[in-house]
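[1] Here you go, sequence then predicted model.
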Amino acid sequence: MSKLSPLERRAAFTLAGVISLRLFGLFLVLPVFSVYARGMPDATPFLIGLALGVYGIGQMLLQIPLGLLSDRIGRKPAITLGLAVFAAGGLVAALSHTLAGIVLGRGLQGMGAVAGAGTALAADLTAEENRGKVMGIVGVSIGMSFLLALILGPPLEAVAGLSGLFGLTSMLALVAIAMLWLRVPTPVRASRSAGAQPGSVVAMLADRRLWVLNGSVFFLHALLTASFVGLPILLVDGLRIPVASHWMLYLPVMVVAAAAMGVLLPRMRDDTRAARMVVGAVVAIGLALAGMAAAGTSPVALGVAATVFFGAFNLLEAALPSLVSRLAPASLRGAAMGAYATSQFFGAFVGGAIGGIALGHLGAHGVFAAAAAMTLVWLPLTLWGARRTAAPDGATNAA
């Protein structure tokens with residue numbers, strides 16, 4: 001197995017920092033938002049869920065266009081444009097005093113749709129045999145940003161308020177732009193004209209293996225966003241844990257989950273094994289969500305279920321984009337990652353909406369029950385994908 005070159009190492013860690021800074025800003029509000037949003041004058045359960053997930057609409061609409069734009073004008077200019085729009089959205093949310101205003105700001109943040117172009121840039125800067133390692137580094141950095149956001153979000157909110165958290169997201173986006181241009185290498189440009197023809201894009205999007213991966217990330221982020229509609233409220237109202245102490249649950253859960261990802265991720269280099277592990281992760285997520293719904297007021301039961309959920313989530317979060325980049329043609333990698341990110345953030349929007357509706361009708365535990373039911377739709381998709389991956393070439397082509 002080849003080692004990362006110095007250039008690949010620099011690209012991997014610096015770009016991981018760029019991506020993680022932006023996501024850290026997004027994640028910061030997750031552990032506190034649904035609790036404090038209830039006190040706003042126009043708050044309803046649906047609006048709370050919408051505010052958490054609405055950024056997925058802009059992502060859904062603009063990931064493929066910005067991915068194609070990055071194929072044409074270069075990754076860095078396209079990513080810079082998206083980060084600037086993201087920063088503007090954070091400023092709008094920071095200056096808003098109503099939930100409707102925060103919905104507007106979060107929607108604008110979503111229009112900074114750089115996830116596809118950023119992942120494509122990581123793939124551009126690495127050899128194919130090392131791409132899984134680089135995606136793993138990016139995935140670990142995302143997991144760490146998630147962990148830090150869950151720990152630091154409550155105390156930062158206590159100091160700066162919810163508006164301060166949104167203002168911090170804008171500052172982090174500007175820091176990410178500086179890192180992008182000062183530290184991330186610029187890849188050698190591929191041919192501009194051959195890959196981005198409409199027919200080639202349609203053919204790439206018709207690849208049924210990509211359907212499975214895009215569908216999987218849709219469900220993965222739908223379930224994550226729905227869970228964070230209910231989880232902070234469950235901890236405060238059900239377990240009587242103050243927001244400032246939530247890190248005491250999140251820290252051990254995320255450390256164990258990150259360790260599990262580190263053990264399992266290297267085993268997903270083979271396509272057939274990877275497809276089977278995706279199925280196993282979906283089953284684990286469904287059981288974990290059902291456990292969270294049934295945990296009642298037991299912090300131990302909730303902690304065990306949350307550890308399983310976040311362990312499977314972190315594994316898929318790191319593995320799925322690597323699989324997409326491996327399957328996509330090099331000249332269409334930006335568009336392929338844009339389609340992947342479109343599915344990811346559309347899932348966040350749907351999950352926020354479903355979580356808000358479930359919270360209003362079923363309560364916090366009902367949010368997890370609704371999310372667990374969604375895995376019953378996801379599981380057949382991954383089983384179908386695993387069968388296609390394991391089938392001989394002739395059988396796969398005939399399917």
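    Alright, I've got the coordinates.
[2] which helices and strands does the biggest helix by length in the chain pack with?
    Counting residues, the longest helix found in the chain (DSSP state H) is helix 333-390. Using 3 or more CB pairs under 8 Å, 6 or more residues apart in numbering; DSSP states H and E as the contact test, the elements touching helix 333-390 are helix 45-53, helix 55-73, helix 115-124, helix 198-205, helix 208-233, helix 271-294, helix 299-327. (Glycine included, C-beta is placed from N, CA and C.)
[3] how about a markdown table for those helices, with mean neighbour count and distance to A364 added?
    Below are the helices and strands packed on helix 333-390 laid out as a markdown table (neighbours: other CB atoms under 10 Å; distance: least, CB to CB, whole Å):
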| stretch | mean neighbour count | distance to A364 |
| --- | --- | --- |
| helix 45-53 | 25 | 10 |
| helix 55-73 | 23 | 22 |
| helix 115-124 | 28 | 29 |
| helix 198-205 | 13 | 38 |
| helix 208-233 | 24 | 4 |
| helix 271-294 | 20 | 9 |
| helix 299-327 | 22 | 11 |
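[4] Compare those helices and report which one is nearest to L174.
    When the helices and strands packed on helix 333-390 are compared by CB to CB, helix 115-124 sits nearest L174, at 15.9 Å.
[5] quick one: whichever helix or strand comes after that closest one to helix 115-124, angle?
    Sequence-wise, the next helix or strand downstream of helix 115-124 (DSSP states H and E) is helix 131-183. Calculated by axes from the mean of the first three to the mean of the last three CA atoms, to 10 degrees, helix 131-183 forms an angle of 100 degrees with helix 115-124.
[6] State the distance from A115 to F345.
    7 Å (CB to CB, to the nearest Å).
[7] residues shared between the contacts of these two?
    Residues within reach of A115 and of F345 at once, by CB atoms under 8 Å, 6 or more residues apart in numbering, are 59, 63.
[8] Please list all residues in contact with the closest residue to A305 other than its chain neighbours.
    Nearest in space to A305, with sequence neighbours left out and distances taken as CB to CB, 6 or more residues apart in numbering, is G291 at 3.4 Å. Shown in contact with G291 (CB under 8 Å, 6+ apart): 301, 304-305, 308.
[9] go again using 10 Å as the cut-off
    Shown in contact with G291 (CB atoms under 10 Å, 6 or more residues apart in numbering): 301-302, 304-306, 308-309, 368, 372.
[10] I57 too?
    Going by CB under 10 Å, 6+ apart, I57 touches 50, 106-107, 110-111, 345-346, 348-349.
[11] With pLDDT as extra columns, can I get the residues you listed in a markdown table?
    Formatted as a markdown table, these follow (pLDDT from 0 to 100):
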| residue | pLDDT |
| --- | --- |
| L50 | 89 |
| R106 | 90 |
| G107 | 90 |
| G110 | 84 |
| M111 | 87 |
| F345 | 81 |
| F346 | 87 |
| A348 | 87 |
| F349 | 89 |
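[12] just for the stretch 51-200 of the chain, where's the confidence low?
    Along the stretch 51-200 of the chain, the parts satisfying pLDDT under 70 run over 132, 136, 139, 143, 188-200.
[13] can we see that at 90?
    Counting by pLDDT under 90, the stretch 51-200 of the chain contains low-confidence residues at 51-75, 97, 109-162, 183-200.
[14] what's the helix or strand for G107?
    Secondary structure from DSSP H and E places G107 in helix 99-110.
[15] and that helix, what does it pack onto?
    Secondary structure elements in contact with helix 99-110, counted by 3 or more CB pairs under 10 Å, 6 or more residues apart in numbering; DSSP states H and E, are helix 6-28, helix 30-37, helix 45-53, helix 55-73, helix 75-94, helix 131-183, helix 333-390.
[16] can we see that at 6 Å?
    Judged by 3 or more CB pairs under 6 Å, 6 or more residues apart in numbering; DSSP states H and E, helix 99-110 is in contact with helix 45-53, helix 55-73, helix 75-94.
[17] the inter-axis angle of that helix versus helix 75-94?
    Going by the same axes, to 10 degrees, helix 99-110 makes 170 degrees with helix 75-94.
[18] pLDDT score for L205?
    Looking at L205, its pLDDT reads 64.
[19] Just want the angle from the longest helix of the chain to helix 271-294.
    Calculated by the same axes, to 10 degrees, helix 333-390 forms an angle of 90 degrees with helix 271-294.
[20] which SS class is H97?
    coil (DSSP: H, G, I helix; E, B strand; the rest coil).
[21] could the helices and strands packed on helix 333-390 be laid out in JSON lines, adding distance to Y340?
    Shown next, in JSON lines, are the helices and strands packed on helix 333-390 (distance: least, CB to CB, whole Å):
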{"stretch": "helix 45-53", "distance to Y340": "18"}
{"stretch": "helix 55-73", "distance to Y340": "8"}
{"stretch": "helix 115-124", "distance to Y340": "6"}
{"stretch": "helix 198-205", "distance to Y340": "11"}
{"stretch": "helix 208-233", "distance to Y340": "6"}
{"stretch": "helix 271-294", "distance to Y340": "14"}
{"stretch": "helix 299-327", "distance to Y340": "5"}
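[22] right, so of these, which gets closest to L265?
    Nearest to L265, of all these, is helix 299-327, at 5.6 Å by CB to CB.
[23] for the closest one, packing partners?
    Counting contacts by 3+ CB pairs under 6 Å, 6+ apart, helix 299-327 is packed against helix 131-183, helix 208-233, helix 247-264, helix 271-294.
[24] again, only using 7 Å
    helix 115-124, helix 131-183, helix 208-233, helix 247-264, helix 271-294, helix 333-390 (3 or more CB pairs under 7 Å, 6 or more residues apart in numbering; DSSP states H and E).
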